[in-house]
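Undergrad: test case, fold it:
(chains A, B and C)
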Amino acid sequence: MTRRTALAAAAELLAWWAGLVLLWLVFISTVDTLERIVGASVAAVGALLARAGRRSVIWR
Amino acid sequence: MADAVIVVALLLTAASATAAVATRDPARQALVLAVLGLLLGVVFTVLQAPDVGLSQLAVGSALTPLLIMLSVRKVRRRGKEGDK
Amino acid sequence: MNGWILAATVLLTAGGGAALWGVATGPLSRRVVAQNLSTTVICPSLLLLAQGYGRTSYVDLALLLALLGPVGTLVFARLLADELTGDRPAAWGLTWTAAGVGAAVVLVLCAVTGPSRAMVKLLVIGALLISGNVVASRALSGGLRGVRDG
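TA: Numbers count the residues shown, from 1 in each chain, chains lettered A, B, ... in the order given. Presented below is the predicted three-dimensional model:
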């Protein structure tokens, strides 16, 4: 993996993560520290899954 | 008067359940059953049990039709192989 | 009983009754269209009920339905593809009418809620509902080749 593809992968993961965190913050009822922590970690897992899913669909 | 929505939801559920029983073809029955699942979710909601309604919607709208349609498909394929 | 619950009752009676009638009678192509319509009608009435009861957490039901209802219709479109090849069900007038009703309900609720996170949630639900409905209708009318080919 070259430097350029690694950078692209990181950017994609970051975009997925930002979008998922935004969705989480919109859907919860009250925003507090615990919700932010849980949302950020769940969005990180979701970003990994989303990138894996997109790649498996594109490369078929 | 405030119970009108409950009455409407219960009537629709009863009608769709009757229709599900009266339908003979399993594929069409699965279609009626999907609508019945949604209406049951509405009934739970108007009876102030949204948590039950949430799980009912999750199961009834996508999972039950998928299971029934997959079984119908498998049974039909097996029947065709048996004819040969 | 307030106006919101009354509106939900009217929508449920008219739309739910029509969807039930369509799904219980007639040819198979009409039945799948009616099943798709039931999602599009019940989701806005759940939103109206949430507003009528004054419980914002009830909105989650509509969110789940907007997400999973089209998935259920896609299941039927995929697994009934052989039976539906003869007459592809296409009811675009009905589809866009139902989508318009959903959009109207969402916009009215947004106007009542005012600019906040709850309004963004309502808009997300509306977008999911309408796009899911249109995608499911396209799949039913044979517009999506990928659905039939699997």
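Undergrad: centroid residue for chain C?
TA: Centroid-nearest residue in chain C: residue C:40, 1.4 Å away (criterion: Cα atoms, centre = their mean).
Undergrad: my bad, chain B
TA: Central residue of chain B (Cα atoms, centre = their mean): residue B:33, at 2.3 Å.
Undergrad: check whether the strand or helix carrying that one comes near chain C.
TA: For residue B:33, the element it lies in under DSSP states H and E is helix B:26-46. Yes - residues of helix B:26-46 contacting chain C under Cβ under 8 Å from any Cβ of the partner chain: B:27-28, B:30-32, B:34-35, B:38-39, B:41-42, B:45-46. C-beta here means a position set from N, CA and C on the backbone, and glycine is covered the same way.
Undergrad: okay, helices next: where are they in chain B?
TA: Using DSSP state H, the helices of chain B run over B:4-22, B:26-46, B:50-58, B:64-83.
Undergrad: next: chain C.
TA: Under DSSP H, chain C gives helices at C:3-11, C:17-24, C:28-53, C:59-79, C:81-84, C:92-113, C:117-140, C:145-149.
Undergrad: helix or strand: which one has residue A:46?
TA: Using DSSP H and E, residue A:46 falls within helix A:33-58.
Undergrad: pLDDT on that helix, on average?
TA: Average pLDDT, helix A:33-58: 90.
Undergrad: name the residues of that helix that are buried.
TA: Buried residues in helix A:33-58, counting neighbours by 16 or more other Cβ atoms under 10 Å in any protein chain shown, are found at A:39, A:43, A:46, A:47, A:50, A:51.
Undergrad: state the pLDDT value of residue C:96.
TA: We have a pLDDT of 88 for residue C:96.
Undergrad: since we're on it, how many residues are nearby?
TA: Using other Cβ atoms under 10 Å in any protein chain shown, residue C:96 has 15 neighbouring residues.
Undergrad: identify the residues contacting it.
TA: Residues counted as contacts of residue C:96 (Cβ atoms under 8 Å, 6 or more residues apart in numbering or on different chains): none.
Undergrad: what do you get for residue B:48?
TA: Counting by Cβ under 8 Å, 6+ apart, residue B:48 has contacts residue C:53.
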